[in-house]
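S.K.: any chance you can model this:
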Amino acid sequence: MSLEPSGEPDVEIDADPVIDDESSLRTSLEWTIGEENVGQRIDFFLALKCDGYSRMFLRRVLQDGYVLVDGRGVKPSFKVQAGQIVTAELPPPPSDGPIPEDIPLDILFEDEHIVVINKPAGMVVHPAKGHWSGTLTSALAFHFQKLSDMGGPTRPGIVHRLDRDTSGVIAIAKSNEVHYKLAAQFEARDVLKEYHAVVVGSLDRDRDWIRQPIGNHPYQRDKMTIRAGHESSRDAETFFEVIERFTGYTYVRVKPKTGRTHQIRVHLAHIGVPVLCDRLYAGHARATRGQLLRCLARGVPLHAEDEEIVLNRQALHAYQLEFTHPITEQPLKFNAPMPSDIVRTLETLRQQK
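M.R.: Have a look, this model is predicted:
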């Protein structure tokens, strides 16, 4: 199995050259390929060696002929071998990263290599259409001087991601070497992820696997769906286990084996128990006290307190993350406390009993 993160095909890049013709602006670098790098793509090798440059930017440098292997130009997909000499003439690194913002962060762990953060619900991980400020990357840019840039200038440090309204544990890489090794663990499925969710409906068993391919929704661009045989589809596996049952709702532990977009939300909706307050897959975005206790209130007029909004985002929390430290190789496990809105939801549901 290749250790390089997937999903980045080798394509010709239709873009203006990124290299200034003034040689004085470029930095000359040279490496000899060691055994530890044998078989790596040249664009990935460069990303490991050149902090400050994204892999996409380095592909353009390769396309423009400013990187040579044993004196000849190569494509980004070229795989290096031991003893080869790599020379590069690199321009100044791009500086179009996120604008630093003084946003407080709940840091669960930090050393010179990684940062582990408890992301709040409502925070977008990296800039995107409609969300150019208030992102996790803007907060990271303010609080940390050095982060990996293998994901590109707008995603410093980001190895994996959480949806905007999903709270919980997320790991950040401070260097490209750390990013590469963490990404390899994710791809090899050596990272153990545990989520907690409140879902609408009752499950007919206490635990099971969901194995259904996930692909792009045919009509709604912001949604994913169960879709076999489509070019966008990828295999996906999710384990679930009931923690607590209520009338009309269930509190579950979820352990995704793969990491597809919206995987947990799509899989749970597919088996008939969408995540509570999931606007896309459950069809509603908030829950009131009266709605959560509706089984007790049939035929009884609702009081004012029953209109109180208990939850107004999807009830999904990345509770635990386990992986091997990419440098020290020590096993690490991090837990993010359950956020107050999901705790309040569970407390309300327990009033049914």
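S.K.: mind listing the strands for the stretch 251-353 of the chain?
M.R.: 287-288, 309-311, 316-324, 331-335 (DSSP state E, counting those that start in this stretch).
S.K.: out of these, which gets nearest to residue 267?
M.R.: Evaluated over those, closeness to residue 267 peaks at strand 316-324, with 11.8 Å, by C-beta to C-beta. All C-beta spots, glycine's among them, are computed from the backbone N, C-alpha and C.
S.K.: pull out the buried positions in stretch 238-256.
M.R.: Judged by neighbour count (16 or more other C-beta atoms under 10 Å), stretch 238-256 contains these buried residues: 238-240, 242, 245-246, 249-256.
S.K.: actually stretch 135-151, not the one I typed
M.R.: Of the residues in stretch 135-151, those buried (16+ other C-beta under 10 Å) are 135-141, 143-144, 147-151.
S.K.: ok, which pair from the buried residues of stretch 238-256 is furthest apart?
M.R.: For those, with distances taken as C-beta to C-beta, the pair at the greatest spread is 246 and 256 (23.5 Å).
S.K.: and the helix or strand of the chain with the lowest mean pLDDT, how far out from the chain middle?
M.R.: In the chain, no helix or strand scores lower on mean pLDDT, DSSP states H and E than helix 55-63, which sits at a mean of 83. In terms of C-alpha atoms, centre = their mean, to the nearest Å, the centre of helix 55-63 is found 23 Å from the chain centre.
S.K.: need the residues that contact the helix or strand just after it.
M.R.: Elements were assigned by DSSP states H and E; along the chain past helix 55-63, the next helix or strand is strand 67-69. Surrounding strand 67-69, the residues in contact under the criterion C-beta atoms under 8 Å, 6 or more residues apart in numbering are 42, 46, 58, 61, 73-74, 78, 80, 84-89.
S.K.: pLDDT averaged over strand 67-69, what's the number?
M.R.: Strand 67-69 shows an average pLDDT of 94 in the prediction.
S.K.: does the residue nearest the centre of the chain sit in a helix, a strand or a coil?
M.R.: The centroid of the chain falls nearest to residue 161 when counting by C-alpha atoms, centre = their mean (1.6 Å). Reduced to three states with DSSP: H, G, I helix; E, B strand; the rest coil, the structure at residue 161 is coil.
S.K.: isn't it up against residue 125?
M.R.: Yes - distance between residue 161 and residue 125: 4.5 Å, which falls inside the contact criterion (C-beta atoms under 8 Å).
S.K.: need the strands of the stretch 251-353 of the chain in CSV (columns: mean neighbour count and mean pLDDT).
M.R.: Conversion of those to CSV gives the following (neighbours: other C-beta atoms under 10 Å; pLDDT from 0 to 100):
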stretch, mean neighbour count, mean pLDDT
strand 287-288, 20, 94
strand 309-311, 19, 95
strand 316-324, 21, 98
strand 331-335, 14, 98
